[in-house]
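Undergrad: Would you be able to build a 3D model of this:
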Amino acid sequence: MRKFLVGAAGVSLGTLLVFPAASALAVPAGATDVAGIPTQALSQTSLRVATIEANLTADAPGKLNENLMGASNLQAGHVADSIAQSNADVVVLTDVDADQAALDTFRDQYLNNTEDERPDVDYQYSYLAVGSKGLQSGADLNADGVIGGAQDAWGQGEFEEQGSVVVLSKYPVDEDQITAVSKLKWQDVANNQLHHTKLDGVLAASIPVMNTGLWDIPIEYRGQRVHVVATQTEPEDQNQDLAAARQSDELKVISDYLAGKDYVHIDEGRQAKGVGDEKFVIAGALNLQESGESRIKPFLKSLGREDALNKSGSYLVPDTSWQVVGQGLIEQSQPPLDEAIPTIIDEPGSLIWTDIQF
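TA: Numbering: from 1, shown residues only. The predicted model follows:
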């Protein structure tokens, strides 16, 4: 396979854009900018967090791994190019199958393949988040008289690991302290918007509020615990009124989880403790609906981050105790005309990154 190098003149699959922040700019290490000028080294005093809507999914368990074998999957190559160029310390990938074998293949054959021209980037730590999407509801959601199958699963997933969230980290993950909120019932959310939908009966009583889930993944960074709150909210392909109400309450749950509100229970059943005075950064898909701007703005304002970096529904929202010292995005662009590409490809989104320090 001919290797694409993001940022290399003539064969670029992505465009690096750097935005001003409160202090000095930081840019991806080991890469070149679009003019071919070497960039600065990664700061040793800041944490770089990135997120990308990877769109790496398959229609059956184990199939994604098969698709990735051989290091020739163009879409996975796009994602890996962006990750390598950003060289982030933590990467939250959304819309990706939480498949350990597929993740191992992606790391070995795309991120750390000595035989390709892509700069290697090593993530020793990872977390595969499996939430409510793809979990069978036990009800006939599509009213076809048969219970079972993707149409009767929450989020219409083919299987439980499909289209979820994967986190890669260069820093140790405190696995014993990871908490998830994916099973919380919508009706149990305080002052919820369920009454604005047409849901009732057993369905209204059983539907989880989070389309996929949120995961609080503590990492150890410079002697402190940092909460990487990875999440993926309501997709676009829903009834508009239902989607609006659900997204409002998903954002509410994220805020209320951080604050430790008593109605928020993690998947293990106990009440969420919140993050207290510890540092956090929210990363993932928060606003995939074009109509969701009126809901995302109050959410960001409540966190004091109305200027949070975002692109096509992906967001990075550090708490206000962090100083943002650099941020930017790596956009996907068309390959050269002489490259043979599939006629149909569900391309990944743009990768966004933020450098934060305390």
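
Undergrad: From start to finish, how long is stretch 213-231 in a straight line?
TA: End-to-end span of stretch 213-231 (C-alpha to C-alpha, to the nearest Å): 6 Å.

Undergrad: and what of stretch 54-68?
TA: Start-to-end span of stretch 54-68 (C-alpha to C-alpha) is 13 Å.

Undergrad: Now do the buried residues in it.
TA: Going by neighbour count (16 or more other C-beta atoms under 10 Å), the buried part of stretch 54-68 is 54-58, 61, 63-65, 67-68. In short, each C-beta sits where N, CA and C put it, glycine included.

Undergrad: now the residues you listed in TSV, with distance to residue 77?
TA: Formatted as TSV, these follow (distance: C-beta to C-beta, whole Å):
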residue	distance to residue 77
54	12
55	13
56	11
57	16
58	16
61	23
63	18
64	14
65	16
67	12
68	10
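
Undergrad: out of these, which one sits closest to residue 188?
TA: The closest of these to residue 188 turns out to be residue 57 (C-beta to C-beta; 29.3 Å).

Undergrad: residue contacts, the closest residue to residue 167 other than its chain neighbours?
TA: The shortest distance from residue 167 to any non-neighbouring residue, by C-beta to C-beta, 6 or more residues apart in numbering, is to residue 127 (4.5 Å). By C-beta atoms under 8 Å, 6 or more residues apart in numbering, the residues touching residue 127 are 166-167, 169, 173, 175, 178, 215, 217, 230.

Undergrad: Among those, find the lowest-pLDDT one for me.
TA: Lowest pLDDT of those: residue 175, 92.

Undergrad: Just give me the neighbour total for that residue.
TA: Counted by other C-beta atoms under 10 Å, the residues lying close to residue 175 total 10.

Undergrad: Quick one: residues contacting it.
TA: The contact partners of residue 175, taken as C-beta under 8 Å, 6+ apart, are residue 127.

Undergrad: Repeat that for residue 265.
TA: Applying C-beta under 8 Å, 6+ apart, the residues near residue 265 are 181, 184, 188, 271-272.

Undergrad: Of these, keep whichever come out buried.
TA: Buried subset of the contacts of residue 265 (neighbour count, 16+ other C-beta under 10 Å): 181, 184, 272.

Undergrad: what's the burial count for the spatially closest residue to the last one that is not a sequence neighbour?
TA: Residue nearest to residue 272 in three dimensions, not counting chain neighbours: residue 264, with 4.3 Å by C-beta to C-beta, 6+ apart. One way to gauge burial is a neighbour count; for residue 264, by other C-beta under 10 Å, it gives 25.

Undergrad: if I read this right, residue 264 contacts residue 252, doesn't it?
TA: No: taking contacts as C-beta atoms under 8 Å, residue 264 lies outside contact range of residue 252: 9.7 Å.

Undergrad: For residue 280, which non-adjacent residue is closest in space?
TA: With C-beta to C-beta, 6+ apart as the measure, residue 227 is the residue that lies nearest to residue 280, at 3.9 Å, once sequence neighbours are left out.

Undergrad: which helix of this protein spans the most residues?
TA: Longest helix in the chain, counting residues (DSSP state H): helix 240-259.

Undergrad: Could you pull out the buried residues of it?
TA: Applying a neighbour-count criterion of 16+ other C-beta under 10 Å, one finds 242-254, 256-258 buried in helix 240-259.

Undergrad: same deal with stretch 95-109?
TA: The neighbour-count check on stretch 95-109 (16+ other C-beta under 10 Å) flags 95-99, 102-103, 105-107, 109 as buried.

Undergrad: if we can go back for a sec, make a markdown table out of the contacts of residue 265 and add distance to residue 318, pLDDT and secondary structure.
TA: Listed next are the contacts of residue 265 as a markdown table, based on distance: C-beta to C-beta, whole Å; pLDDT from 0 to 100; DSSP: H, G, I helix; E, B strand; the rest coil:
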| residue | distance to residue 318 | pLDDT | secondary structure |
| --- | --- | --- | --- |
| 181 | 20 | 96 | strand |
| 184 | 24 | 95 | coil |
| 188 | 29 | 96 | helix |
| 271 | 25 | 95 | strand |
| 272 | 20 | 95 | coil |
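
Undergrad: quick revisit: helix, strand or coil for the residue nearest to residue 167?
TA: Classification of residue 127 using DSSP: H, G, I helix; E, B strand; the rest coil returns strand.

Undergrad: ok, so what distance separates it from residue 168?
TA: Distance, residue 127 to residue 168, using C-beta to C-beta, to the nearest Å: 9 Å.

Undergrad: Same check on residue 308?
TA: Distance, residue 308 to residue 168, using C-beta to C-beta: 21 Å.

Undergrad: any idea which of the contacts of residue 265 is closest to residue 330?
TA: Distances from residue 330 to the contacts of residue 265, taken as C-beta to C-beta, are shortest for residue 181 (29.8 Å).

Undergrad: residues in contact with that closest one?
TA: By C-beta under 8 Å, 6+ apart, the contact list for residue 181 reads 210, 213-215, 253, 257, 264-267, 272.

Undergrad: Which two among those residues are spaced furthest apart?
TA: Farthest apart among the contacts of residue 181 by C-beta to C-beta are 215 and 265. That separation is 14.6 Å.
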